[in-house]
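Asks: only geometry, no sequence info:
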């Protein structure tokens, strides 16, 4: 009798975006004339950079001829991409990360979800609240989360760290033993960043306790402010306590193309074993490398041409984020994030729940957002808006909000 | 203190192909003039079909313009590909598999490696011996394999089923309780197939014992003989006991492009839970869909043009396999596989170990093969040859073998 993984049974449905879709569809059906503006889902809308497109076409042509054909590539990714990353994302910023410490994948979600394979099932996991659900759900599936408490909307064995306006969106160090800590900066969903001092505190703590920080930097290319770390490896000592996840999804429009990477420093050792070696073994056994075509496209992001084109696209999203911030503030809301991030985290009006505010914006202003409560209990009282719509639609949405609330 | 997964510690190094590479490099260095012919690794060499290339170019162009841009796709894969598969790989062969029972991925290796996520850790696993190492290693990492016995080169808690010439390469039904059974047909490494009767026996057994068959059909498109099942779902009752893995790698040259799929029938239920639902939840949490560009390319395999082009390429490999079979037989060897498969499994000369025969072929004839012992204890006494080299090199290799041994 093949038994199933018992830990799936307690997983609550991943109901957030389907519930948003359901309410949006109902509204649209009732109001077919309404000009809906979608600011809910965090997916890009601008096309790939021309340099990336050109590189992908060339790579497809490589596969079209026997002389230039590429079969199985290295499970860790091609040298041309690992070296471009090491050079541009790290060496150029004086961070010592070797090309062979970089593992290319089909995306940061896969890596964030799969990284648990290399850790013991008895590791105690800490996450920020609100949080990107993958960190929690992947650990719940593995059995690290304990039981689901539907009343508290929490897992009994996950250590939740509230990150709210009250603590400046900087989680406090744990007051109990914790082994694996997920940190995300620029943060999804709050759009806020962890400054150097906060990261230094976390790195000191992790090294002292032999914990491991799983640092999600998928949005690092949105960082514009001087002094805000774009990588945890800007912090001394991070190489002995942190794994970093990166993505080409939001930064270069690869949400459909699929490419990301994970840095596992060789200096990172637990139980006398190299985590680099463990992740390499995991990837060699359960992954066969990212697509050659897509890796060629990703490498073009690091050419002078590609970099300029990608920045120009990011500037569109950044300008949208500024429009949203300014619009919400002008309408009298307390607003966070949106400076080094495509996400804006907005406090709901006094006494209004996040689903209630979601419904108000949908039903009165035809604007789709994401209720903060969907990201965890401490997300209650906020909504998330994303900067990925067109500049025109973004501006129009803010006009509606200012007119209604100001 | 973050502890690592203790089950990685006992994993023996994945040393087979690196050891082959080491010995080959040493030979080449000592014999720089030798005209080496590689028949060891199972990677394709022919380019992608023109229809596939055209579809990939068109898909890249889709991503180059905002109007046709594709961001996040469905985690389960695009409808256009799932429907093409359901139609051509199943409905056209009178197999009732719905498009929504098909999960597109970046390759069969990922799915074979990740499928264990949905099963209990106390499941007892059975594999054929010799075997594709991913089935064993992924379960060893999860903790289902027990301890590694270096003398026997076996895991103490894996149930090994010898599949050798003695039993016609058809594993016997287990004589003890077993929960998960990996079957691969056409088989890697032996190149042999499981006939209808053998599969019917396995399906009856699995349904009777509530076991689950994990059926790897990555090489199904090489089947040419009438009556040989290309899918386990050709067998009545398989939909309540089997998951099937498929790949575009060997069949359409996607080893570098990356695409595969997994079928989880909705009728497959264990512990009262739908495995389809569990796999869907796993994929939605830890995977973000295969690349849009590559899925478009894969869909072109099912056009009339694409299908003809893919078959023409397969015919090159099939002719190579026939050349190898005929050459080895003419040289006096006992040969298996190579009819419905790109792999030929050749008995070593009386009393000669598989590494010894490997060395002989390398050092005397400059031919690289794979020693059967690398796939498990019951692979001792065999070598594997692959049909993926050029027709010219394949013929030349057989001339050398015939001249030397006949």
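Replies: Cool, the structure landed. A quick note: this is a predicted structure, and the numbers were derived from the prediction, not measured. Residues are numbered from 1 along each chain as shown, chains lettered A, B, ... in the order given.
Asks: going forward, measure contacts between C-alpha atoms and count neighbours the same way
Replies: OK.
Asks: does stretch A:154-174 come close to chain B?
Replies: No. Using Cα under 8 Å from any Cα of the partner chain, stretch A:154-174 never reaches chain B; the gap is at least 13.2 Å.
Asks: for that stretch, what is the average pLDDT?
Replies: Confidence for stretch A:154-174, expressed as mean pLDDT, is 97.
Asks: Give me the distance from it to the chain's centre.
Replies: The chain centre lies 17 Å from the centre of stretch A:154-174; the measure is Cα atoms, centre = their mean, to the nearest Å.
Asks: just stretch A:92-112 next, same as before
Replies: Distance, centroid of stretch A:92-112 to centroid of chain: 15 Å (Cα atoms, centre = their mean).
Asks: Can you tell me what sits against that stretch?
Replies: The contact list for stretch A:92-112, computed with Cα atoms under 8 Å, 6 or more residues apart in numbering or on different chains, reads A:76-79, A:82-83, A:85-86, A:90-91, A:134-135, A:218, A:233-234, A:245-249, A:258-266, A:276, A:289-291, B:285-288, B:290.
Asks: where do the helices sit along the stretch 301-406 of chain A?
Replies: Counting by DSSP state H, counting those that start in this stretch, the stretch 301-406 of chain A has helices at residues A:304-330, A:354-365, A:391-405.
Asks: Can you tell me how far the residue lying closest to residue A:263 once chain neighbours are set aside is from chain B?
Replies: Nearest non-adjacent residue to residue A:263, counting by Cα to Cα, 6 or more residues apart in numbering or on different chains: residue A:102, 4.6 Å away. For residue A:102, the distance to chain B (Cα to the nearest Cα, to the nearest Å) stands at 19 Å.
Asks: Which of the contacts of stretch A:92-112 fall within helices?
Replies: Judged by DSSP state H, helices contain the following of the contacts of stretch A:92-112: A:79, A:82, A:83, A:85, A:134, A:135, A:249, A:276, B:285, B:286.
Asks: In contact with the fifth one: list those residues for me.
Replies: In other words, residue A:134. Residue A:134 is in contact with A:109, A:112, A:113, B:285, B:286, counting by Cα under 8 Å, 6+ apart.
Asks: which among the residues you listed gets closest to residue B:143?
Replies: residue A:113 (18.5 Å; Cα to Cα).
Asks: ok, the closest one touching residue B:288?
Replies: No. Here residue A:113 does not reach residue B:288: they are 10.4 Å apart, not a contact under Cα atoms under 8 Å.
Asks: neighbour count winner among the two?
Replies: Each of residue A:113 and residue B:288 has its neighbours counted (other Cα atoms under 10 Å in any protein chain shown); residue B:288 has more, 23 against 20.
Asks: Just give the nearest non-adjacent residue to that one, would you?
Replies: residue B:75 (5.0 Å).
Asks: Count the residues that sit near the one you found.
Replies: As a burial measure, residue B:75 scores 20 neighbours (other Cα under 10 Å).
Asks: related to what we said a few turns ago, can you turn the buried part of the contacts of stretch A:92-112 into a PyMOL selection?
Replies: This is how PyMOL selects the buried members of the contacts of stretch A:92-112, with burial counted by 16 or more other Cα atoms under 10 Å in any protein chain shown:
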select buried, (chain A and resi 76+77+78+82+83+85+86+90+134+135+218+233+234+245+246+247+248+249+258+259+260+261+262+263+264+265+266+276+289+290+291) or (chain B and resi 285+286+287+288+290)
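Asks: any idea how far the residue nearest to residue A:316 when sequence neighbours are not counted lies from residue A:39?
Replies: In this structure, residue A:316 finds its nearest non-sequential neighbour in residue A:391, 7.2 Å apart by Cα to Cα, 6+ apart. Distance, residue A:391 to residue A:39, by Cα to Cα, to the nearest Å: 12 Å.
Asks: same thing with residue A:179?
Replies: Counting by Cα to Cα - residue A:179 and residue A:39 are separated by 36 Å.
Asks: Residue A:400 too?
Replies: Using Cα to Cα, we find residue A:400 at a distance of 13 Å from residue A:39.
Asks: So the two - more neighbours on which side?
Replies: More neighbours surround residue A:39 than the other of residue A:400 and residue A:39, with 21 against 18 (other Cα under 10 Å).
Asks: Contacts only, for that one.
Replies: Neighbouring residues of residue A:39 by Cα under 8 Å, 6+ apart: A:367, A:368, A:369, A:370, A:385, A:386, A:387, A:388, A:389.
Asks: for those, which one is nearest residue A:167?
Replies: Nearest to residue A:167 among the contacts of residue A:39: residue A:385, at 21.0 Å, using Cα to Cα.
Asks: ok now do that closest one, which residues does it touch?
Replies: Residue A:385 touches A:39, A:40, A:343, A:344, A:345, A:346, A:369, A:370, counting by Cα under 8 Å, 6+ apart.
Asks: Could you double-check that the second one lies in contact with residue A:366?
Replies: Going back to what we said before, that points to residue A:40. No. Counting by Cα under 8 Å, residue A:366 is not a contact partner of residue A:40; they are 11.9 Å apart.
Asks: any chance of the helices of the stretch 301-406 of chain A in CSV, plus mean pLDDT?
Replies: Converted to CSV, these look like this (pLDDT from 0 to 100):
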stretch, mean pLDDT
helix A:304-330, 98
helix A:354-365, 98
helix A:391-405, 97
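Asks: could those helices go into JSON lines alongside distance to residue B:44?
Replies: Putting those into JSON lines (distance: least, Cα to Cα, whole Å) gives the following:
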{"stretch": "helix A:304-330", "distance to residue B:44": "32"}
{"stretch": "helix A:354-365", "distance to residue B:44": "52"}
{"stretch": "helix A:391-405", "distance to residue B:44": "47"}
